[in-house]
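Peer 1: sequence first, predicted coordinates after that:
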Amino acid sequence: MSKNITIIGGSGFIGTILTRLLLDQGYQVIIGDKKISGSYPNLHRQCDVRDKTSLEPVINGADVIINLAAEHSDDVSPVSLYYDVNVSGAKNICDVAEKYNVKKIIFTSTVAIYGFAEGASSEETPVNPFNDYGQSKADAEIVFETWLNKNKDHKLQVIRPSVVFGEGNRGNVYNLLKQVSSGNFMMIGNGLNRKSMSYVENIAAFIMYQISMGERHGIYNYADTPDFNVNDLICHIRKSMGEEGKIGFRIPYIVGIIAGISFDVLAFITYRKFPISKIRVEKFCADTVINANKAHCSGYKPAISLADGLARTIKHEFLK
């Protein structure tokens, strides 16, 4: 059994939960990250995926590498950072893994590689990213596949999660919850578009489950089911907050797009970042649905429902 696990990017949101789950199961864990782990500082080793030398002491002795490191914000500048971290970083991890004879890598990619695909994207949906983040993740997958094909003993698991949320996270779902909680939320569009989401405890458990998978190369979408459309999601959030489950103020999609473009122009002129942008409006109003049947038929069973995950997050963040 693989016992020595190195988590690259393990100081973050998913990595902290994953570390706890691994330790509970008796694994030996090393966290390699630029930032020290707030929860497990004794397991932390300083490294940067852009610096191959710094990866060597982190990877040497590992049975399995789990790569969570990523540049993923919507407004990274310069955009070359996506490729420096996500693609060049992947190459460095593969080079060091080969040097120290590590046979298995688990890579967390993203459903953003599918872009705005119609319907529920499966693992066979063509790659068509709409931004540099998605493109850099798609390129990183190719890097890891190249490593896989260098040696018949290599094993690679690629996991493409939908948007991940949970207690302590400050990502897109938290921002939505915060807007609803503040009373300042405005619905853009008709709200019939559906959103696939992943609760952090479940995606961390699924990553851990992949350690024992025997297949040489697996690719899995991950999302918790069933999906909500945005109308139902907002109503569910309001009810969980003890409010009346109604949508409230709604503005047309085209008005939201115009507002997003206006803020983009203002950001360009003032060199400031704003919470509203054209791409964020487009993402909010788009169907971002994935088919995660393969993951849920693999033998893995999530312990927490999507609704319960939302309720836990809301309770922790807003009902203290």
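Peer 2: Looks like it arrived, so ask away.

Peer 1: residue 58 touches residue 6, doesn't it?
Peer 2: Yes: using Cβ atoms under 8 Å, residue 58 makes contact with residue 6 at a distance of 5.7 Å. Every C-beta, even on glycine, is put in place using the N, C-alpha and C of the backbone.

Peer 1: secondary structure element holding the closest residue to residue 188 other than its chain neighbours?
Peer 2: With Cβ to Cβ, 6 or more residues apart in numbering as the criterion, residue 188 has its nearest non-adjacent residue at 3.8 Å, and that residue is residue 256. Assigned by DSSP states H and E, residue 256 belongs to helix 253-270.

Peer 1: in that helix, what counts as buried?
Peer 2: Within helix 253-270, the residues scored as buried using 16 or more other Cβ atoms under 10 Å are 256-257, 259-260, 263-264.

Peer 1: what's the answer for stretch 19-37, then?
Peer 2: Under the neighbour-count criterion of 16+ other Cβ under 10 Å, stretch 19-37 has 19, 21-22, 27, 29-33, 37 buried.

Peer 1: I'd like the distance from that stretch to the chain centre, please.
Peer 2: Taking Cα atoms, centre = their mean, to the nearest Å, one finds the center of stretch 19-37 at 18 Å from the center of the full chain.

Peer 1: same thing with stretch 138-145?
Peer 2: Mean-position distance between stretch 138-145 and its chain equals 16 Å (Cα atoms, centre = their mean).

Peer 1: what does it contact?
Peer 2: By Cβ atoms under 8 Å, 6 or more residues apart in numbering, the surrounding residues in contact with stretch 138-145 are 83, 86-87, 89-91, 94, 105, 107, 109, 113, 127, 129, 156, 158, 217.

Peer 1: which ones are touching residue 311?
Peer 2: residue 240.

Peer 1: for it, give its distance to residue 241.
Peer 2: As judged by Cβ to Cβ, to the nearest Å, residue 311 and residue 241 stand 10 Å apart.

Peer 1: rewinding a little: of the buried residues of stretch 19-37, which is the nearest to residue 319?
Peer 2: Residue 319 lies nearest to residue 21 out of the buried residues of stretch 19-37, by Cβ to Cβ, at 25.4 Å.

Peer 1: now the closest one. Its backbone dihedrals?
Peer 2: Backbone torsions of residue 21, given as degrees, to the nearest 10, read phi -60, psi -40.

Peer 1: cool, and residue 155?
Peer 2: phi -130, psi 140.
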